[in-house]
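**Q** Show me the folded form of this:
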Amino acid sequence: MKFLPPATQTTPLHAVAVEDLAALLDALPGRWAAWLRATGFSGRAGERQLVPDDAGEISCAFVGLGSAEQRRRKRMAIAEAAQGLPAGNYHLENTLEGAALDEAALALLLTGYHFDRYRTVTEERPRFAAPAGVDAARLEAIAAGEALTRDLINTPANDMGPQELAEAAARLAEDHDAAIEVVEGDALLSRDLPMIHTVGRAAARAPRLIDLRWGDSGPTLTLVGKGVIFDTGGLNLKPGGSMALMKKDMGGAATVLGLAQMIMALGLEVKLRVLIPAVENAVGGDAFRPGDILTSRKGLTVEINNTDAEGRLVLADALALADEEAPDQIVSFATLTGAARAAVGADIAPFYTTDARMAEALPQAGALVGDPVWQMPFHDPYEVMIEPGIADLDNAPAGGFAGSITAALFLRRFVETAPYTHFDIYGWQPTPAPARPKGGVGQGARALLQALPAVLSS
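**A** Next comes the predicted model:
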């Protein structure tokens, strides 16, 4: 997704807030104002109106930004109307500035996202020039990262196994001159990554640990993404309805790869490492069992009380590996618990952090770039809930309370030397929204990208 080349001939697109409509009508040429009044254009969110010229061609277009209340309730409101415009080339003419202008410009870019891999699409769509006053290259890099995340999540598991996920990471590494290593199958045991191997060993497609590195100067940042390409639940088999969206269980991996794309394309001065345990949680003769006790890379033992709580197991080995280098920041993304979705819904990315700087910066950044996040607590009194007695840790505490918090506490046990932030995301847009069609979606990545300079420089 890119903006139109600067020399492209375009049609003016006016974005109008409800409260600004009266002044705009007074300032417009009389025929345009008369047309808008006659057609009842009000500026409400999602509204669009085309204005013809004498030949019946489109002379300009108007889209509604809505009222202040509508904009508070609906992010990227301009996209709701803009994505329904006739095919053609448009440029934005309005009085937006600062963060509002950046949000509108990114929204226009993201209207160009469609997952068309499995169908033939011939219709043309509207395209947009970069509005004056925005950093077009930055927005294009962000949109490309978001598109990568969405494509990876939307691809079904038959075409997105551990190998295909590794291949996607390898293409990204090649595009940005990054180094990549993939540890596969039984080699995971010789590299002391036992829980990644255990979770993935029953599947026909071998488990992997993807390790990408980029950058040779600046602070060190390690991103860890859960790459469970499909989750049957293992021997604690999910019911059919609960398996319907399990292709998205690698949404954490997709998010960190999309974020890595943004970081590398923007040339941030950071030494980046991306770790992705890529596995399929399958049922088979070699599947791990409820009641098994596993020993992790860190040496901590884990009692398996539910094989459907596998994401934290593969993340634990990857986090322990990340922590051994003591980077300046470790951040994990995972579609980890239904409890997180129950707590904050599908639209908000809940996060946990041990770093006061991150706790302050992330909500501010998320609000600025329209990527909502919400801090959840590492509530120490709940530590007892993840200690079964027979082993150091319990992967699925009984009782059903605080499921997202106990999962985050479990992960925190594997990070000792670095500040640690964990996102428990949903990774899926259940109903269409402006610039976010139904399907896979990035969460928390743009907020973290915005927050990183402040966090890593302090």
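**Q** list the buried ones in the helix or strand of the chain with the lowest mean pLDDT?
**A** Lowest on mean pLDDT, DSSP states H and E among the helices and strands of the chain sits helix 68-73, with a mean of 90. Judged by neighbour count using 16 or more other C-beta atoms under 10 Å, the buried positions of helix 68-73 are 70, 71. All C-beta spots, glycine's among them, are computed from the backbone N, C-alpha and C.
**Q** Which residues does it contact?
**A** 17, 18, 19, 44, 45, 65, 77 (C-beta atoms under 8 Å, 6 or more residues apart in numbering).
**Q** Can you say which of the residues you listed are buried?
**A** Members of those classed as buried by 16+ other C-beta under 10 Å are 17, 18, 44, 45, 65, 77.
**Q** so the third one, which of the three states?
**A** When states are read from DSSP: H, G, I helix; E, B strand; the rest coil, the local structure at residue 44 comes out as coil.
**Q** For the helix or strand containing residue 277, C-alpha coordinates in PDB please.
**A** Take DSSP states H and E as the rule and residue 277 turns out to sit in strand 271-281. Taking Å, rounded to 0.1, in the frame of the first residue of the first chain, the C-alpha atoms of strand 271-281 are listed here in PDB:
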ATOM      1  CA  LYS A 271      19.800  -3.500  17.600                       C
ATOM      2  CA  LEU A 272      16.700  -5.700  16.900                       C
ATOM      3  CA  ARG A 273      16.200  -9.300  17.600                       C
ATOM      4  CA  VAL A 274      13.000 -11.200  16.800                       C
ATOM      5  CA  LEU A 275      12.300 -14.600  18.300                       C
ATOM      6  CA  ILE A 276       9.400 -16.700  17.100                       C
ATOM      7  CA  PRO A 277       8.600 -20.200  18.400                       C
ATOM      8  CA  ALA A 278       6.600 -21.700  15.500                       C
ATOM      9  CA  VAL A 279       4.700 -24.800  16.300                       C
ATOM     10  CA  GLU A 280       1.400 -26.600  15.600                       C
ATOM     11  CA  ASN A 281      -0.400 -27.900  18.700                       C
END
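**Q** Tell me the helices and strands packed up against it.
**A** helix 162-175, helix 194-200, strand 208-214, strand 220-225, strand 227-231, helix 251-266, helix 311-323 (3 or more C-beta pairs under 8 Å, 6 or more residues apart in numbering; DSSP states H and E).
**Q** Direction included, what does it pair against?
**A** For strand 271-281, the pairing partners within the sheet under DSSP bridges are strand 208-214 (antiparallel), strand 220-225 (parallel), strand 227-231 (parallel).
**Q** Can you get me a residue count around residue 54?
**A** 7 (other C-beta atoms under 10 Å).
**Q** Distance of it relative to residue 31?
**A** 10 Å (C-beta to C-beta, to the nearest Å).
**Q** Can you tell me the centre-most residue of the chain?
**A** residue 442 (2.0 Å; C-alpha atoms, centre = their mean).
**Q** quick one: the closest residue to that residue other than its chain neighbours and residue 262, what's the gap?
**A** Counting by C-beta to C-beta, 6 or more residues apart in numbering, residue 149 is the residue found nearest to residue 442 once chain neighbours are left out, at 4.1 Å. Using C-beta to C-beta, residue 149 is found at 10 Å from residue 262.
**Q** same thing with residue 336?
**A** Counting by C-beta to C-beta, the gap from residue 336 to residue 262 is 22 Å.
**Q** Could you do residue 18 as well?
**A** Taking C-beta to C-beta, one finds residue 18 at 33 Å from residue 262.
**Q** try residue 376
**A** Note on residue 376: its distance to residue 262, by C-beta to C-beta, is 24 Å.
**Q** try residue 206
**A** For residue 206, the distance to residue 262 - C-beta to C-beta - is 30 Å.
**Q** For the stretch 251-400 of the chain, just list every one of the helices.
**A** 251-266, 311-323, 338-344, 356-369 (DSSP state H, counting those that start in this stretch).
**Q** Tell me how the protein divides into domains.
**A** Split into domains by automatic domain parsing, the chain comes to 11-119+129-134, 154-457.
**Q** Of these, which stretch is the most buried?
**A** domain 154-457 (a mean of 20; mean count of other C-beta atoms under 10 Å).
**Q** Quote the end-to-end distance of that domain.
**A** 35 Å (C-alpha to C-alpha, to the nearest Å).
**Q** taking the mean pLDDT, what do you get for it?
**A** Domain 154-457 carries an average pLDDT of 97.
**Q** how distant is it from the center of its chain?
**A** 12 Å (C-alpha atoms, centre = their mean, to the nearest Å).
**Q** swap in stretch 14-30?
**A** With C-alpha atoms, centre = their mean, you get 36 Å for stretch 14-30.
**Q** Any chance you could list what contacts that stretch?
**A** 33, 36-37, 41-44, 60-68, 70-71, 78, 92-96, 104.
**Q** Which of these fall within strands?
**A** Taking DSSP state E, the ones among the contacts of stretch 14-30 that sit in strands are 60, 61, 62, 63, 64, 65, 66, 92, 93.
**Q** distance of the first one from residue 16?
**A** In this case it means residue 60. 12 Å.
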